[in-house]
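Chemist: Next input, structure requested:
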Amino acid sequence: MGRSLALALILAVWAGLASAQVPTVAIFNDSLGVDCNLSQTSPGVFKAYVVLTSTTVGVTGVQFAAPKPSCLTGSYLVDLTRFPVTIGNSQTGISIGFGGCLSGRIHVLTILYLTDATTPACCAYPVLPDPVEGIVGYTDCSFELFAGEGWVSTINGDASCPCDQSLPPTVPSSPSPADHEFNCYQNTDLSWASTDPEGFPLTYDVYFGTGPNPPLVSHDKLGNTYQPGLLALATTYYWRIVARNVHGKTTEGPTWSFTTQADMSSRLVVSRLIHYCGLVTTDTVAVDLAVENNAWPISAAGVDIGYDPALLTFLSGEKGGLTAGWSTFGVEDRGTKIRVGGYDPTAIPAGSNGAFARLFFLMDCCAEDSTVTVALCPENQTDDFIVLWPQCGEVKCEKYTHDGDVTGDGAVTPRDALCAFEGYMSFPDPPALGCDHPGWDVRGDVNCSASVTPGDALCIFNHWLNGSCAFCGGSAAPGLAASSGSTTVVFEDARVDGGHLSVVLGADGPGIIGAFGLDIAYPTERLEFLDAVWRMPSDKFERIEARVRPAGELRLGGYAEDAVDASVSGLVELRFRISSSSEGGAIVARGFTDDLAGSEEAKLELDAITGGSPAVADYALHQNVPNPFNPSTEIRFETPSAGAVSLAVYDVEGRLIKRLADGPMPRGVHHVEWNGDDERGADVSSGVYFYVMRAGERTLTRKMVYLK
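Modeler: Below you'll find the predicted structure:
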């Protein structure tokens with residue numbers, strides 16, 4: 001069995017990944033493989049370090065011979081290695097297994113000699129092929145044997161016999177612009193890629209010109225970019241890179257070429273936009289007159305923009321970003337054309353991109369029965385605009401349907417529900433989260449209510465989920481909410497704690513919430529909004545949010561696939577910081593939608609909040625919390641004025657069970673607790689009970705359930 005085969009069998013217990021490039025083996029003065037000029041100037045122990053260099057291919061073993069050169073006086077002592085598998089020795093042929101797949105510079109062996117005199121200058125010390133296989137070999141990460149290269153080092157080298165084992169740079173590649181690229185800008189910069197296999201820094205020679213053999217324009221340049229300056233239009237340029245490392249080794253790259261843009265790539269462009277009849281009533285459209293990649297500076301320019309006055313009404317014009325600093329600029333309506341122009345000593349630089357002017361038109365898309373497109377074309381260009389290629393723009397008046405495709409991607413998905421909800425929370429501003437697609441408000445209004453609400457989001461979600469909600473105009477009426485009756489929003493509680501105010505909004509009536517929305521207004525001169533704490537189980541909602549809109553206004557909304565009961569828990573607690581002791585102002589709840597639609601505006605006067613209770617407008621008896629209950633429950637009631645109040649519990653036969661309140665009470669909100677006992681303190685049995693409030697001329701009754 002040959003030694004290479006034995007080595008391969010031993011190494012087969014280790015796995016690795018292969019790469020097909022040629023490693024080198026050489027002898028160095030150090031274990032890092034930096035200096036291949038060895039020094040032996042006095043008798044004693046002489047060390048020769050064998051280093052394998054494999055920068056891009058993984059290796060698992062190596063085999064070679066490195067016998068003592070005849071010019072080295074002395075005798076061989078021993079081989080030292082840190083690797084687990086060694087067969088043979090350096091003098092007659094050695095195989096070394098690494099125990100893994102390695103790459104880079106690998107110190108594989110140290111050869112020790114005992115010398116008795118100084119070695120003469122320029123003593124060559126080569127790495128030779130292994131005598132068995134006849135090659136300087138290595139095994140890759142798949143344990144296949146390949147031929148590498150053995151290099152020659154020097155002992156006591158001088159200027160007449162220098163030693164340089166460094167690798168040249170890689171061939172320059174990845175040109176930008178790409179080879180043979182067309183329509184490049186006049187201010188194009190050049191870039192490329194090249195590396196040194198051993199990590200040394202590189203410099204570059206740059207050859208650049210209009211012929212196939214470009215001249216040298218930059219020598220020993222640092223960095224892999226070059227700026228040739230402003231280039232001619234419609235011209236082919238050639239360039240080549242030579243990479244050089246610190247040892248002076250060079251690698252020349254191929255000759256690349258690119259062609260600059262033709263004149264028509266420098267353009268005067270009118271923008272294209274889509275307008276539509278949406279829920280936000282705006283008929284004003286803004287059109288940009290833009291400069292793209294101008295070949296020369298622009299210091300004076302004029303143009304007419306043709307349009308159809310039967311479909312567009314011109315309103316006004318203003319400077320664009322490129323002309324913001326121009327001293328002379330004008331826009332004039334000339335019937336069927338808008339004349340735009342100006343001049344300034346400070347020119348718009350060549351290669352600029354941006355708006356020269358912005359024009360505003362009136363277009364009533366709601367008056368159109370179908371899609372209408374109006375062209376706007378540059379005409380009669382003057383001065384520095386003459387060299388720009390004109391490109392017409394257009395305003396398209398599009399018609400959209402209530403199809404639930406808020407994102408306009410051709411399918412109804414949960415993201416459309418998200419975008420509809422985002423549209424409600426931001427309305428009348430366009431929605432964020434990438435939802436501002438043309439027609440979002442019309443397409444999101446799937447119940448044709450002329451507004452986008454959380455109920456629309458719920459319907460879109462259910463439409464995607466199981467088809468249970470149809471859009472308006474379909475074969476079935478949309479089912480947007482889960483309410484079983486009219487739910488009224490009320491201020492249930494208001495408490496002042498130090499410099500903070502907490503306000504609780506509750507739901508009287510059925511209180512079944514599948515989708516809801518409302519607005520809260522508050523005086524910013526007295527209050528600063530902090531946060532909202534949901535009384536409803538927020539984890540049951542697909543989306544639920546309280547968002548500050550303009551200062552002094554909150555929008556609350558949410559939707560849930562499975563409706564929740566808010567009659568017991570309440571809706572939300574709003575927390576404010578009291579920023580001023582001034583008087584007046586109120587917190588107002590309004591703009592109710594979906595399952596809160598129909599609720600009247602609720603108002604809480606700030607000056608009436610005393611002793612932790614808000615002012616109330618009428619007698620009210622609220623549902624006990626919790627219900628059903630065990631062992632106790634809280635009953636809340638309200639009195640608009642001071643006076644006698646009676647609150648008592650009765651069984652289903654009308655028998656008195658327990659008096660909870662009986663006597664004079666101040667104006668405000670009151671809370672009492674019942675522990676499920678009777679007048680004697682004995683526990684009552686499980687069942688249905690009624691609690692009755694009598695105050696003034698009012699009698700109010702509610703039902704509760706006691707469970708044991």
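Chemist: so Gly506 sits right up against Val572, yeah?
Modeler: No - contact criterion C-beta atoms under 8 Å: Gly506 and Val572 do not qualify, at 9.2 Å. C-betas here are computed from N, CA, C, even on glycine.
Chemist: Now do the shared contacts for these two.
Modeler: Shared contacts of Gly506 and Val572, defined by C-beta atoms under 8 Å, 6 or more residues apart in numbering, comprise Arg535.
Chemist: Let me see the domain layout of this structure.
Modeler: Domain assignment for the chain, taken from automatic domain parsing, gives 3-155, 173-261, 264-398, 414-464, 488-608, 620-706.
Chemist: Tell me which of the ones you listed sits most buried.
Modeler: domain 414-464 (a mean of 23; mean count of other C-beta atoms under 10 Å).
Chemist: quick one on the thing from earlier: out of the domains of the chain, which is closest to Asp405?
Modeler: domain 414-464 (5.4 Å; C-beta to C-beta).
Chemist: and the lengthiest strand in the chain, how far from the chain's centre?
Modeler: As assigned by DSSP state E, the longest strand anywhere in the chain is strand 93-115. Offset of strand 93-115 from its chain centre (C-alpha atoms, centre = their mean, to the nearest Å): 49 Å.
Chemist: do stretch 583-600 as well
Modeler: Distance, stretch centre to chain centre, for stretch 583-600: 36 Å (C-alpha atoms, centre = their mean).
Chemist: on that earlier part again, make a markdown table from the domains of the chain and add mean pLDDT and distance to Gly408 to it.
Modeler: Below are the domains of the chain laid out as a markdown table (pLDDT from 0 to 100; distance: least, C-beta to C-beta, whole Å):
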| stretch | mean pLDDT | distance to Gly408 |
| --- | --- | --- |
| domain 3-155 | 86 | 46 |
| domain 173-261 | 91 | 31 |
| domain 264-398 | 89 | 10 |
| domain 414-464 | 90 | 4 |
| domain 488-608 | 89 | 20 |
| domain 620-706 | 91 | 45 |
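Chemist: would a markdown table of the ones you listed with distance to Gly404 be doable?
Modeler: Shown next, in a markdown table, are these (distance: least, C-beta to C-beta, whole Å):
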| stretch | distance to Gly404 |
| --- | --- |
| domain 3-155 | 51 |
| domain 173-261 | 42 |
| domain 264-398 | 15 |
| domain 414-464 | 5 |
| domain 488-608 | 14 |
| domain 620-706 | 36 |
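Chemist: and of the ones you listed, who's closest to Val406?
Modeler: Closest to Val406 of the domains of the chain is domain 414-464 (C-beta to C-beta; 4.1 Å).
Chemist: so how far does that closest one reach from one end to the other?
Modeler: 7 Å (C-alpha to C-alpha, to the nearest Å).
Chemist: residue ranges of the helices in the stretch 301-450 of the chain, please?
Modeler: 414-426, 440-444 (DSSP state H, counting those that start in this stretch).
Chemist: Need the contact partners of the last one.
Modeler: Yep, that's helix 440-444 we're talking about. 276-280, 400-408, 416, 419-420, 423, 427, 430-431, 452, 456-457, 460.
Chemist: Only alpha carbons, please: show that helix as CSV.
Modeler: C-alpha atoms of helix 440-444 as CSV (Å, rounded to 0.1, in the frame of the first residue of the first chain):
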residue,chain,number,x,y,z
TRP,A,440,-57.2,52.8,-0.8
ASP,A,441,-60.1,54.7,0.7
VAL,A,442,-62.7,53.6,-1.9
ARG,A,443,-61.5,50.0,-2.0
GLY,A,444,-61.4,49.8,1.8
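Chemist: Chain neighbours aside, what residue packs nearest to the residue most central in space within the chain?
Modeler: When C-alpha atoms, centre = their mean is applied to the chain, the residue found nearest the centroid is Leu433 (10.1 Å). Distances taken as C-beta to C-beta, 6 or more residues apart in numbering place Glu422 nearest to Leu433, at 5.3 Å, with adjacent residues excluded.
Chemist: show me the contacts for that neighbour.
Modeler: Listed by C-beta under 8 Å, 6+ apart, the contact set of Glu422 reads Pro431, Ala432, Leu433, Cys435.
Chemist: ok, 10 Å please
Modeler: Shown in contact with Glu422 (C-beta atoms under 10 Å, 6 or more residues apart in numbering): 406, 415, 430-436, 440, 444, 452, 457, 543, 545, 547, 557.
Chemist: Kindly report the same for Gly229.
Modeler: Gln186, Asn187, Thr188, Asp189 are the contacts of Gly229 under C-beta under 10 Å, 6+ apart.
Chemist: Quickly find the element holding Arg590.
Modeler: For Arg590, the host element (DSSP states H and E) is strand 586-594.
Chemist: What's the first helix or strand after that strand?
Modeler: Next element after strand 586-594 (DSSP H and E): strand 602-605.
Chemist: now for that next one, which elements pack on it?
Modeler: Under the contact criterion of 3 or more C-beta pairs under 10 Å, 6 or more residues apart in numbering; DSSP states H and E, strand 602-605 touches strand 488-497, strand 500-508, strand 512-521, strand 586-594.
Chemist: Now with 7 Å, please.
Modeler: strand 488-497, strand 586-594 (3 or more C-beta pairs under 7 Å, 6 or more residues apart in numbering; DSSP states H and E).
Chemist: quick one: secondary structure of the residue nearest to Asp662 when sequence neighbours are not counted?
Modeler: Leaving aside its chain neighbours, Asp662 sits nearest to Ser646 (5.0 Å; criterion: C-beta to C-beta, 6+ apart). Following DSSP: H, G, I helix; E, B strand; the rest coil, we place Ser646 in the strand state.
Chemist: so who does Ser646 touch?
Modeler: By C-beta atoms under 7 Å, 6 or more residues apart in numbering, the contact list for Ser646 reads Ala661, Asp662, Arg694.
Chemist: Mind checking which of these are in strands?
Modeler: Using DSSP E, the contacts of Ser646 in strands are Ala661, Asp662, Arg694.
Chemist: Same list, those, but as CSV with distance to Pro23 please.
Modeler: Formatted as CSV, the ones in strands among the contacts of Ser646 follow (distance: C-beta to C-beta, whole Å):
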residue, distance to Pro23
Ala661, 95
Asp662, 100
Arg694, 100
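Chemist: Which single one of those residues is nearest to Glu601?
Modeler: Arg694 (28.9 Å).
Chemist: Distance of that closest one relative to Leu621?
Modeler: Distance, Arg694 to Leu621, by C-beta to C-beta, to the nearest Å: 10 Å.
Chemist: ditto for His107
Modeler: His107 is 90 Å from Leu621, by C-beta to C-beta.
Chemist: show me the contacts for Ile298.
Modeler: Contacts of Ile298 (C-beta under 7 Å, 6+ apart): Val291, Ala347, Ile348, Asp384.
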